[in-house]
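In: Everything below, folded, please.
(one chain, ligands or ions: 1)
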Amino acid sequence: MPLISLVGSDRPKSFNASAVSLVESALQSLGEDTHRVGWENLDLPIYSQVIESEQGLPDAITELRAKLAGADGLIIGCPEYNGFMPPLLLNTLTWATRNQQGQPDLSPFRFKPCLICASSPGGLGGIRAASHLANYLLGIGASVYPDFFIVPNAFTALATAEASEPLNARAETIADGFLARTRLISG
Ligand SMILES: Cc1cc2nc3c(=O)[nH]c(=O)nc-3n(C[C@H](O)[C@H](O)[C@H](O)COP(=O)(O)O)c2cc1C
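Out: Numbers count the residues shown, from 1 in each chain. From the prediction side, this is the model:
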């Protein structure tokens with residue numbers, strides 16, 4: 001089943017990218033490949049209705065919306081900035097809720113099974129941002145998986161493949177549950 005992932009960080013050694021990778025590996029061991037959306041082609045202006053009306057929908061967003069529409073499930077890596085999701089992620093999602101006509105169009109998100117992952121160097125692992133993201137996704141019609149994959153203390157927890165080994169069992173449980181839910185929703 002087509003699954004895509006999006007990480008709200010363009011940092012080369014992003015902890016959130018690593019957390020998403022652990023879930024992707026677990027999904028792979030269950031026979032599912034994930035397509036990671038890269039940031040190379042997602043050089044977006046800050047969303048504003050003025051920019052939208054003057055410049056139209058960025059091509060990268062048209063492509064992202066097509067990928068979302070074609071995916072049975074979405075995995076999001078959500079860094080925490082000041083207890084909230086980062087501007088990069090919020091901006092991208094905001095653009096993705098608009099269509100070529102400059103109108104709101106939530107169809108790529110409607111009922112979309114979404115799995116939220118978060119990691120940070122702190123002890124809460126970004127769960128506050130994850131909760132905000134969950135509310136945001138529910139607000140645009142997505143079906144948010146109720147369990148998040150949270151990785152606190154990222155400097156040590158994700159330092160090496162060996163260090164992250166204890167996270168694999170949890171990633172597998174979440175991947176398994178997310179797949180079951182996605183199959184139910186996507187038929
Ligand atoms: C502006 C800013 C605000 C931050 N606020 C938080 C925070 O509220 N909670 C937290 O756990 N980490 C916070 N951090 C630290 C990030 O979790 C850390 O930079 C992390 O590595 C970002 O995710 P990434 O590794 O995927 O890029 C903040 C970082 C920045 C740059």
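In: can you list the residues of the protein near the ligand?
Out: Within the chain, the residues that sit near the ligand (C-beta under 6 Å from any ligand atom) are 9, 11, 14-16, 79-83, 120-122, 124, 126. In this view, the C-beta of every residue, glycine as well, is placed from N, C-alpha and C.
In: among the residues you listed, which ones are buried?
Out: Buried subset of those (neighbour count, 16 or more other C-beta atoms under 10 Å): Ser9, Ser14, Phe15, Asn16, Pro79, Glu80, Tyr81, Ser120, Gly126.
In: Can you list which of those are found in helices?
Out: Taking DSSP state H as the definition of helices, these contribute Phe15, Asn16.
In: Any chance of a markdown table for the buried ones among the residues of the chain next to the ligand, columns distance to Ile46 and pLDDT?
Out: Shown next, in a markdown table, are those (distance: C-beta to C-beta, whole Å; pLDDT from 0 to 100):
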| residue | distance to Ile46 | pLDDT |
| --- | --- | --- |
| Ser9 | 17 | 97 |
| Ser14 | 21 | 97 |
| Phe15 | 25 | 98 |
| Asn16 | 21 | 98 |
| Pro79 | 18 | 98 |
| Glu80 | 20 | 98 |
| Tyr81 | 15 | 98 |
| Ser120 | 24 | 98 |
| Gly126 | 23 | 98 |
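In: Pick out whichever of the buried ones among the residues of the chain next to the ligand sits closest to Ala157.
Out: Nearest to Ala157 among those, counting by C-beta to C-beta, is Phe15 at 8.5 Å.
In: just the helices in the protein please.
Out: Counting by DSSP H, the helices of the chain are 15-29, 49-55, 59-70, 87-96, 127-139, 154-157, 161-164, 167-186.
In: tell me the contacts of the most centrally placed residue in the chain?
Out: Compute the mean C-alpha point of the chain, and by C-alpha atoms, centre = their mean the closest residue is Ile76, 1.3 Å away. Contact partners of Ile76, counting by C-beta atoms under 8 Å, 6 or more residues apart in numbering, are Ser5, Leu6, Val7, Gly8, Val20, Leu89, Cys114, Leu115, Ile116, Cys117, Leu133, Leu137.
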